[in-house]
Each structure stands twice: as C-alpha cells, then as structure tokens.
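J.: Let me see the structure of the following:
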Amino acid sequence: MFELPDALLLARVQFAFTISFHFLFPAITIGLASYLAVLEGLWLRTGREHYMDLYRYWIKIFALVFGMGVVSGIVMSYQFGTNWAVFSDKAGPIIGPLMAYEVLTAFFLEAGFLGVMLFGMKRVGKGLHFTATLMVALGTFVSTFWILSVNSWMHTPAGYTMNAAGQFISAGSWLAIIFNPSFPYRLAHTLSAAYLTTAFIVGGVGAWHLLKDSSNPRARLMFSMAMWMAAIFAPLQIILGDMHGINTLEHQPVKVMAMEGHFQSHPDGAPLILFGIPNSAENRVDYAIQIPKASSLILKHDRNAPLAGLDTVPEADRPPVGIVFWAFRVMVGLGLLMAALGGASLWARARGRLYEWKWLHRFALVMGPSGLVAVLAGWVTTEVGRQPWTIHGLMRTVDSASPLAAPAVAASLLAFVLVYFAVFGAGILYILKLMAKPPVLHESPPPNTPERAAGTTPAVAVRPDHLSTD
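T.: Now for the predicted structure:
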C-alpha cells in the first residue's frame, strides 16, 4: 500500500514548487520594466520609431508576465498561514512589517502607474507616460529590496531580540534588521541576475528573428542592446558573485562547505572541486576533478589559507550536499557561458559581423532561457544550503511547520500542481507565441488602447522597414 511522505516534506515540496514558479516571473519583470523605460527614453530623445516599436512589442509580454507574477505571488502568503503557521507566529513581528512595507511602497507604486503605462500612451502626455514607465520600473526594484531584506534576514538575522512569548522582535533598530549582513550582497547579485535574465531572453528572441531575416532593423536593435547588456553584466555578475560568496563564507560557512563539496577540512589550502559525485554516506566526493588550493585562492584570496570542512559540523546541521553542490555548478557554469556569449558579441561587433554570424545567433538562441535556469539554480543553492534552518542558527525547519496531517498537505500540493501547469502553462505558451512574431513597423499597441478600439492600427509595411542597418 502506498504511504504518503510526512507532512513536513510535503509542505517543503509545495513551497519549493510554488516559489520556483513564482520566482521566474519577477526575474523577467524586474529587468523588462527597466528595458521598457530605456526604450521609451531613447524614443523620446531620438524620435526613432524603432524604439517605440520595440516598446510596444515587449510591453504586451511584460503585461502577461507581470500578471502571472502577481497571481503566483499571492500563493506564497497563503502558505505562510497554512503550512508554516509556527514560523509565521514566531517571526511575524519581524517579517510582517517588512512585507507590509513592500505592499505600501512597491505594490501601490506599481498598481498606481501600471494602467497608465499599459493603456495611457494616447490618453496622457508623453512625459507623464514616461514617468509611469519609470515608476513601474522603480516599483519592481523597491519590491525586490523588501523581499530580499526579509529573506536575507532569515539567512543572517540581526537587530532582533526575543519576547516572553518566544517571538522574534526588533531590538530597537529596524535599520539593523533591514540592512542585515548578507542583504547588500544578495540584493546586488539578484538584481544583476534579473537584468541578465531579461537580456538573454531579449537576445534570444532577437537572434531567432535574425536567423529568419537578418535585415529586420528592429530585430537587429533588440539583439544589439541585449548583447551590450550581456557583455557588461555577465562579468559584473561574476564579481558580485565572488563578493557574495566571501560574505556567505563569513556568515554561513556550512553552506559554502556544501557548495564546494568540502567534506574534509584543509589546513593548508583547499582544492576547487570542478566536478564529482558527492557521497554523504562516506563523507567524500567520488571521481573528483579538482584544482589544488584554488578554492582557498578564490574564497580567501590566499592559496594556502585553511578552510574548514563538513567534518567540523554535526550531521544534523548539514544541508543536503548533493543538491547544493550541483545547483551551484549549474549556476556558475551558465554564468561562464553568459560571459562567453558577451565576449563573442564584442568580437563580432568589432569585426562588423554582429548581424551576420549565424553561429552567434544560434548560441544566443540556445542561451535565451539560461538566465531563468541560472536564477533557479542560485535560489536552490541559497535556500537548500541554509537547511536545516528556517532562520539560520535560530529556528529549524522542522520546528516551523504547521501541525497538519499529510493528506491535507498532499491535497493542496496536488491542486497547486494541476492549476499551475494548466494556467501558467497556457500563459507561457501564449508568451512564446508573441515572441515568435517578428517586431514590425508600427507595432500594434496593447489591447484596449484607443488605436485598437478604433481599429486604426497602421498597416504593416514590409520592405521600407528594412532600410535601416542598426
């Protein structure tokens, strides 16, 4: 007879499933909102219709992704009340106000200006519409700020004390809570990841259309802007990742041990294990391919610096090493490929072949979803690497769950899986359908705008559109 896993495991699976779906949408909207602001700003400055055509092309995709992000985000607060009620009770005096600040600032800012951004192009002046686009972009940043402050506090709690009821409360300085030790590094790393995610999606779409018609000026412009972002932000992300890793070593060394696969301590310099199979039962990495002392060089900038291993940590306090080890390598590997594509685009640009080299376009097309995979891998590395703690060093995951029966959690998990794949699957397919259409002259505006309502969308010109060589 089939036996259900325990309620705690099902609750963790449910949270992992829903947050993985949700995290994909903000990863796109954060960067895409800023990209739209850049496009509209360049249109206002230069008057070139290419920029407005791309703005109209991407704003329809932005609206869909934004909507799915809002809907999927509601589920997260639902789970705090159902599956993780003990955590909500104990950490609520800290988590609650920070989440409320996110609603009062970011959500109101986005909600107040999103309608103007989507449907106000012909209803308000150009300056006001551009302001609305900027405010929506700012709202995505502010939302990221507060959400990461909450999550970072769970990783590196600071500025708290305990009350008589055993709850975490402010010790007097909310700045210490908000700007906890890991927050600045995680904010910079996550924002850069979001911009890269958008850049590679835009670049992949541009590459797809260049492969079909290399003379399309809007596809050229789209691809060119994306490759500039790849060339700039991919190396920057590597630097930010290094800084974040050093900060993690200081405050969460066990997570770094799992990421690096260091089961044993290394008093005279730790090797960098490139690949291998973590064997937690035997406390070793089987078939390891490694570079001697390179891990110490990267993490402490001294090849002979000692690094402690998991042999110094009780087994009950160790995260699942295999998951963390491989998720980290997926993230880093994709980051290196992103940097390689950015470098290749600079070479092609210098040779005047950015729009002609088909291998470059195919490379960019394959890398289109790489940002989404990388942010998920990074999120898994961060969150699984924190286990077995909900609040690092203070509150265990096993002590955070609601006293629910396994069948109740399994039923809600099954419902989420069915609804998510039906609803979000249909939404993603429609987004891909929009992306498959090439950007054209006088790109149509979003639905329900005056142009659409009156049926006055300009006809598409075919050949004059291809005169520019951006």
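
J.: send the alpha carbons of stretch 63-78 over as CSV?
T.: Taking Å, rounded to 0.1, in the frame of the first residue of the first chain, the C-alpha atoms of stretch 63-78 are listed here in CSV:
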residue,chain,number,x,y,z
ALA,A,63,1.9,42.7,-19.0
LEU,A,64,1.4,39.0,-19.2
VAL,A,65,4.4,38.1,-17.2
PHE,A,66,3.6,40.8,-14.6
GLY,A,67,0.1,39.4,-14.2
MET,A,68,1.3,35.9,-13.7
GLY,A,69,3.9,37.1,-11.2
VAL,A,70,1.2,38.8,-9.1
VAL,A,71,-1.1,35.8,-9.1
SER,A,72,1.7,33.3,-8.3
GLY,A,73,2.9,35.6,-5.5
ILE,A,74,-0.4,35.5,-3.7
VAL,A,75,0.1,31.8,-3.1
MET,A,76,3.2,32.4,-1.1
SER,A,77,1.4,34.4,1.6
TYR,A,78,-1.3,31.7,1.7
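
J.: Any regions of the stretch 151-300 of the chain where pLDDT drops low?
T.: Screening the stretch 151-300 of the chain residue by residue with the criterion pLDDT under 70, one finds no matching range.

J.: And stretch 47-59, how far out from the chain middle?
T.: 25 Å (C-alpha atoms, centre = their mean, to the nearest Å).

J.: again, but for stretch 190-202
T.: With C-alpha atoms, centre = their mean as the basis, stretch 190-202 stands 8 Å off its chain's centre.

J.: what's next to that stretch, contact-wise?
T.: Residues from elsewhere that reach stretch 190-202 (C-beta atoms under 8 Å, 6 or more residues apart in numbering): 26-28, 30-32, 34-35, 58, 141, 144, 148, 222, 225-226, 229-230, 233-234, 236-237, 240, 338, 341, 364, 367-372, 374-375, 378. Every C-beta, even on glycine, is put in place using the N, C-alpha and C of the backbone.

J.: rerun that using 7 Å as the cut-off
T.: Stretch 190-202 is touched from outside by 27-28, 30-32, 34-35, 144, 148, 222, 226, 229-230, 233-234, 236-237, 240, 338, 367-368, 370-372, 374-375, 378, with contacts defined as C-beta atoms under 7 Å, 6 or more residues apart in numbering.

J.: go on, stretch 374-391?
T.: Counting contacts by C-beta under 7 Å, 6+ apart, the residues touching stretch 374-391 from outside are 20, 23, 27, 87, 91, 154-155, 157, 193, 197, 252, 255, 258-259, 316-317, 319-320, 323-324, 327-328, 330-331, 334-335, 392, 395-398, 400.

J.: For it, output the C-alpha coordinates as PDB.
T.: Backbone C-alpha positions of stretch 374-391 (Å, rounded to 0.1, in the frame of the first residue of the first chain) are rendered in PDB as follows:
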ATOM      1  CA  ALA A 374      20.600  30.200 -13.500                       C
ATOM      2  CA  VAL A 375      18.300  32.100 -11.100                       C
ATOM      3  CA  LEU A 376      16.500  28.900 -10.100                       C
ATOM      4  CA  ALA A 377      19.800  27.200  -9.600                       C
ATOM      5  CA  GLY A 378      21.100  30.100  -7.500                       C
ATOM      6  CA  TRP A 379      17.900  30.100  -5.500                       C
ATOM      7  CA  VAL A 380      18.200  26.400  -4.800                       C
ATOM      8  CA  THR A 381      21.800  26.800  -3.800                       C
ATOM      9  CA  THR A 382      20.900  29.600  -1.400                       C
ATOM     10  CA  GLU A 383      17.800  28.100   0.200                       C
ATOM     11  CA  VAL A 384      18.700  24.400   0.300                       C
ATOM     12  CA  GLY A 385      22.100  25.500   1.500                       C
ATOM     13  CA  ARG A 386      20.500  27.100   4.600                       C
ATOM     14  CA  GLN A 387      18.900  23.900   5.700                       C
ATOM     15  CA  PRO A 388      18.100  22.600   8.300                       C
ATOM     16  CA  TRP A 389      17.300  26.100   9.400                       C
ATOM     17  CA  THR A 390      14.400  28.400   8.600                       C
ATOM     18  CA  ILE A 391      16.100  31.300  10.500                       C
END
